[in-house]
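Chemist: next comes the sequence, and after it the predicted model I'd like to discuss.
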Amino acid sequence: MEMDAQRRGMFWDVLEGRVPPPPAAVLLGWELVGVDPEQGTIEVAFEAGDQFANPVGVIQGGFLAAMLDDTLGPALVATLPENQFAPTLDLHVQFLRPARPGRLLGRGANSATRPGCVFSRR
């Protein structure tokens, strides 16, 4: 994926190797598949290892929620100016089916804004 070396900010600095990635992203096996900052959309892959599985062999929900957060957060952060960051204020997760160890894809989009707040969706 070709990156715009002119972009600056935490998200872009990590992608360009100017700063190391966050430890949580490394733990989750975070990999950028695609991003469109103008549209506020992103696609990310994660490597869900066996160490994330519960006793019945599916990925524990807390790890899936962390992957979701590490998809939706960068969808927003990629759109921000260089010296801004946006922490997650609230995260609601409903699981539709189990996830097994392996490569998992996350897709996110910024869907609405109000002063000081952006709503993201899967």
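Modeler: Cool, got the structure.

Chemist: ranges for the strands of this structure?
Modeler: 31-36, 41-48, 102-114, 117-121 (DSSP state E).

Chemist: in the helix ranked longest in the chain, which residues are buried?
Modeler: For the chain, the helix that runs over the most residues, judged by DSSP state H, is helix 61-77. Using 16 or more other C-beta atoms under 10 Å as the test for burial, helix 61-77 gives 63-64, 66-77. Glycine gets a C-beta too; all of them are placed from N, C-alpha and C.

Chemist: how about those residues in a markdown table, adding distance to residue 110?
Modeler: As requested, the buried residues of helix 61-77 are exported to a markdown table (distance: C-beta to C-beta, whole Å):
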| residue | distance to residue 110 |
| --- | --- |
| 63 | 24 |
| 64 | 21 |
| 66 | 19 |
| 67 | 18 |
| 68 | 14 |
| 69 | 14 |
| 70 | 15 |
| 71 | 12 |
| 72 | 8 |
| 73 | 11 |
| 74 | 11 |
| 75 | 6 |
| 76 | 6 |
| 77 | 10 |
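
Chemist: lowest confidence element among the helices and strands of this structure?
Modeler: strand 117-121 (a mean of 65; mean pLDDT, DSSP states H and E).

Chemist: and the residue positioned nearest the centre of the chain, what does it touch?
Modeler: Closest residue to the average C-alpha location of the chain: residue 71 at 1.9 Å, with C-alpha atoms, centre = their mean. Residue 71 sits next to 42, 44, 106-108, 122 when contact means C-beta atoms under 8 Å, 6 or more residues apart in numbering.
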